[in-house]
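# Model the structure of this input:
(chains A and B)
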There are 2 protein chains.
Amino acid sequence: MNPPQSFLTPIQPYLAEVETRMRRLDENHHQELGNALEHLLSSGGKRLRPAVALLTGRMFGGDPQRLVTFSSAIELLHTATLVHDDLIDGSLLRRGISTLNAKWSPAATVLTGDYIFAQAARLAAETESANVVKRFAMTLATIVNGEINQLFSTHRYTSREDYFTRIYAKTASLFELATGEAADLSQVSDGIVEVMRKFGYDLGMAFQIIDDILDFTGLQETVGKPVGSDLRQGVITLPFISYMENNPTDDDVQALIIGEKVNIDKLVNDIRDSGAIDDAFQVAQSYIREACDILSVQPVCDERDALMELSEYVVMRHI
Amino acid sequence: MNPPQSFLTPIQPYLAEVETRMRRLDENHHQELGNALEHLLSSGGKRLRPAVALLTGRMFGGDPQRLVTFSSAIELLHTATLVHDDLIDGSLLRRGISTLNAKWSPAATVLTGDYIFAQAARLAAETESANVVKRFAMTLATIVNGEINQLFSTHRYTSREDYFTRIYAKTASLFELATGEAADLSQVSDGIVEVMRKFGYDLGMAFQIIDDILDFTGLQETVGKPVGSDLRQGVITLPFISYMENNPTDDDVQALIIGEKVNIDKLVNDIRDSGAIDDAFQVAQSYIREACDILSVQPVCDERDALMELSEYVVMRHI
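So this is what the prediction gives:
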């Protein structure tokens, strides 16, 4: 589903170790937990978060074993939030593969998510860095708070500022954690840690914007869900916002904002045919430019080049 | 609801700080999260776990601020697991007060639990002890794994061994964490940490056995739920097991084991009128004796005496 990318070459053996670490559960765990975790982990995630953590840490010569532990923690945290997310959304498919939620009771799904949180926290603690665990917990709080905001919002927010806040909580906060704490574990200065947090932030923001573009432009087979899914669920993303800014009186736009019935297929086509997709793409590219500016002054090595390539991949995958 | 106990006297100011720390949320948190947390924390928990952690740590002269942080983490972990528990059981009342679940959607309840986990993990990390966080994560895994075992069990287990395994996961594991890591934070030897883990284990086992006895003997107003709730939900506890051992051919016992309809009120009365309650109480007392034996060789101080008193309170509260 995801052909190996050349930017993964410098860290291929470590990524393989991450796969093993993520599956290593406590003795005495219930067998269904192992089955559930295997189902979740084998369903084609790109492992971008572990990849950026490993590349960042190795760029600064960080200890590979601590970075493997940390990267496994990051991906498990991501996995646990997806499990609870799918339960909350009632999603039956993710990346074209059935969610846990589709197969299991809500009770089992809640508990499996909790168990994966516990494993993630344990791996985070095994890095032996109090900073890592603190930031880890704060990131989980940020992600969950973002979801609660969305759940309780009584109207549909349509400002760019609100959109950026939402995608920070949803996606960029975890990328920021991955790169910042990978740098921290590799014993660089606090200044470099901050810079690398910014790198992860930029990368994560771009990644989510492209994801949101793909919801308009992608083929169902690639995206794993029907085109226009976000709008159908009332989730406002950048292409819609851009279209709305240029077509404020459009009937469908107005209807969608107040939650009235809208012909989503028509609206998706109108947005695709407008300059909104390109506008959103420009925003993603500007984040990636900032990310690459940060990389340009980091140590020259294969890992840095790989991070450059990965950053470009993040914006080019929509084509 | 719970009159102040004299064994809390040596740690009263620290317990007050725990109340404050547990309520201190991130900036930017959604207001409903604060409301939900306040509702949960103000619903009359006894704070026994923070109390044993604080008393244990102070018995060894541990730093009060680190112990307050740790004790707050313990109680929040406990609170988070209760939130997800009530959702799973569909409980509408706990300690006679409405659960989050009764007021909120499942989605909001899942997320609130997750957010409280995040806060608990953050406080655990703020102890600056990698051991604390590791054990913390392992305990969460133990608790959740226990719940999953119960969820997936295809028949009703009736052995004492299975019962002890279940109440370890459900209750004693967290008491063990509270006392063991409080000792660890107070810089005692590894041997003493192990002994104090055992103390917490004994206390937690006794506590849960008494809780299970109260489900048969307690007044609804005290327990906050109808008498016989466990049996009604198919949860097998020690009084039933003891009764079954002495009355293996009893029709109601047989029917309950295979999940057939049973007159629970009659069975509860039969169990109350038998020696099963006293037998279960003897088991709880033997755990408390072991707990007190451990305390008897610890440093002589007010905190040790308070832990003795607390241990006796745990078994006497059923009278």
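# make it CA atoms for all contacts and neighbour counts henceforth
OK.
# tell me which strands and helices the helix or strand harbouring A:Asp270 is in contact with?
Using DSSP states H and E, A:Asp270 sits in helix A:264-273. Secondary-structure packing of helix A:264-273 (3 or more C-alpha pairs under 8 Å, 6 or more residues apart in numbering or on different chains; DSSP states H and E): helix A:190-217, helix A:238-246.
# how about those helices, which one is nearest chain B?
helix A:190-217 (18.3 Å; C-alpha to the nearest C-alpha).
# before we move on, the earlier item: what angle separates the helix or strand following the helix holding A:Asp270 from helix A:238-246?
Counting by DSSP H and E, the next helix or strand C-terminal to helix A:264-273 is helix A:276-296. Calculated by axes from the mean of the first three to the mean of the last three C-alpha atoms, to 10 degrees, helix A:276-296 forms an angle of 120 degrees with helix A:238-246.
# Distance from the helix holding A:Asp270 to the middle of the chain?
Here helix A:264-273 is found 25 Å from its chain centre; the criterion is C-alpha atoms, centre = their mean, to the nearest Å.
# Counting neighbours, show which residues of that helix come out buried.
For helix A:264-273, the neighbour count (16 or more other C-alpha atoms under 10 Å in any protein chain shown) marks A:264, A:267-268, A:271-272 as buried.
# got it, and stretch A:283-293?
A:283-285, A:287-289, A:291-292.
# that older thread, can you redo the helices and strands packed on helix A:264-273 as CSV with mean pLDDT, distance to A:Val110 and mean neighbour count?
Converted to CSV, those look like this (pLDDT from 0 to 100; distance: least, C-alpha to C-alpha, whole Å; neighbours: other C-alpha atoms under 10 Å in any protein chain shown):
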stretch, mean pLDDT, distance to A:Val110, mean neighbour count
helix A:190-217, 97, 25, 23
helix A:238-246, 96, 31, 21
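# Nearest to B:Leu33 among those helices would be which one?
Nearest to B:Leu33 among these is helix A:190-217 (25.6 Å), distances taken as C-alpha to C-alpha.
# So, low pLDDT: which residues of the stretch 151-300 of chain A?
A:154-155, A:219-225 (pLDDT under 70).
# what does the stretch 151-300 of chain A have sitting close to chain B?
A:Leu151 (C-alpha under 8 Å from any C-alpha of the partner chain).
# Could you pull up the residues touching whichever residue of the stretch 151-300 of chain A sits closest to chain B?
Closest residue of the stretch 151-300 of chain A to chain B, C-alpha to the nearest C-alpha: A:Leu151 (7.3 Å). Contacts for A:Leu151 were tallied using C-alpha atoms under 8 Å, 6 or more residues apart in numbering or on different chains; they are B:Ala108.
# SS state for it?
helix (DSSP: H, G, I helix; E, B strand; the rest coil).
# Mind jotting down where the strands sit in chain A?
A:93-94, A:97-98 (DSSP state E).
# Quick check: A:Ile148 vs B:Thr9, distance?
Distance of A:Ile148 to B:Thr9, computed by C-alpha to C-alpha, to the nearest Å: 39 Å.
# Looking at those two, which one has more neighbours?
Comparing A:Ile148 with B:Thr9 by neighbour count (other C-alpha atoms under 10 Å in any protein chain shown), the higher total belongs to A:Ile148, at 22 against 13.
# and the more buried one, what is it in contact with?
Counted by C-alpha under 8 Å, 6+ apart, A:Ile148 has contacts B:30, B:108, B:111.
# before we move on, what about A:Leu177?
A:135-136, A:139, A:197, A:200.
# Then A:Asp279?
A:Asp279 neighbours (C-alpha under 8 Å, 6+ apart): A:239, A:242.
# Can you verify my assumption that A:Thr109 contacts A:Lys103?
No: counting by C-alpha atoms under 8 Å, A:Thr109 does not reach A:Lys103; the two are 9.2 Å apart.
# So if I had to pick from these two, which one is more boxed in?
Shown here are A:Thr109 and A:Lys103; by other C-alpha under 10 Å, A:Thr109 has more neighbours (24 against 12).
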